[in-house]
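# Sequence and predicted structure are below.
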Amino acid sequence: MEITVKVRRVPEQEGASRSVVGAESSGEMAGAAQPRTGKARTSTAPGYWQTYHMEAKPTDRILDVLMALKSEQDGTLTFRRSCGHGICGSDAIRINGKNRLACKTLVKDLGPGRAITLEPLKGLPVVKDLVVDMEPFLAAYRSVLPYLIADTSTTPTTERLQSPQEHARFEKTTKCILCAACTTSCPVLWTNPDYTGPMAMVNAHRFVFDSRDVAAEERFAALSDGEGVWRCRTTFNCTEACPRDIPITEVIGELKRAMIAQAL
Ligand code: SF4
Ligand code: FES
């Protein structure tokens, strides 16, 4: 079958000149804080649409489509991917207006007879075409101390054992692949680039509810500043976008309740 693919092409941008695809209207951006990296934001997507026509099978993945376009039609087309199997999280883009992994989305999933649109994720600086700068996203990740912090006041003589029930408390948040589909689908981030975002909350949850960890208070402190969990507006965009089916809105609710309980 012949398909039409419209790709948002963005010329390569260096450092501080990189623009961020943000809110749709300039009114939404009024008074917005600068992003974590201090880079400029734009109220409309930078670049231009480029249209391609090609043959594809209904069972082709959008990643197959991109690789075919790059190898057969346009070697300058730039996108990111690694594993090709939904594991590494590197090929999250906006496909027909929704955040998805290109390697987990089939042509037949997108409805017959309409052009397929491919855009970079919103809310992060665009490096080139479909590649965004992940540094602001990773800065939020680092801010919640995404690693086990165990009690080291005594030297353990055995493994730090955990029951299945204790593991079940945070099992759902171990599935995150850091793809950024959640954070960049959130309208709070689009208008406030300093918002910590759902991915960081998911990864805070991963350790806050781990029975072997003792640093919940530090993570709560990171999440309770003006850009943390209390900015969440419960829009469920993150939950819908997550390719790992993590119930992110529920996770954020659990964090909020734990933070309130700790403060009482
Ligand atoms: S929570 Fe889901 S959508 Fe968000 S970064 Fe992790 S895997 Fe991706
Ligand atoms: S290429 Fe690794 S998740 Fe798609």
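It's in. Ligands and ions are numbered 1, 2, ... in the order given.
# Look at the closest residue to R169 other than its chain neighbours and say how many residues are nearby.
Nearest residue to R169 in three dimensions, chain neighbours excluded: F209, at 4.5 Å (C-beta to C-beta, 6 or more residues apart in numbering). All C-beta atoms are positioned from the backbone trio N, CA, C, and that covers glycine. The number of residues packed near F209 is 21, by other C-beta atoms under 10 Å.
# ok, F209 - contacts?
Applying C-beta atoms under 8 Å, 6 or more residues apart in numbering to F209 gives the contacts 169-170, 173, 254, 258.
# T239 now?
Counting by C-beta under 8 Å, 6+ apart, T239 has contacts 182, 246-250.
# Count the neighbours of the closest residue to E227 other than its chain neighbours for me.
For E227, ignoring the flanking residues on the chain, the nearest one in space by C-beta to C-beta, 6+ apart is D194 at 4.6 Å. Neighbour count of D194, defined by other C-beta under 10 Å: 18.
# Please apply the same query to A216.
19.
# Give me the spatial nearest neighbour of it, chain neighbours excluded.
V208 (4.6 Å).
# From K256, how far off is that neighbour?
With distances taken as C-beta to C-beta, to the nearest Å, V208 is found 11 Å from K256.
# Closest to Y52 out of the contacts of T239?
Distances from Y52 to the contacts of T239, taken as C-beta to C-beta, are shortest for C182 (28.8 Å).
# What residues does that closest one make contact with?
Contacts for C182 were tallied using C-beta under 8 Å, 6+ apart; they are 99, 197-199, 202, 237-239, 241-242, 246, 248.
# So which of those reach ligand 2?
Among these, not one lies near ligand 2 by C-beta under 6 Å from any ligand atom.
# Among those, name the ones in helices.
Applying DSSP state H to these, the entries found in helices are 198-199, 202, 237-239, 241, 248.
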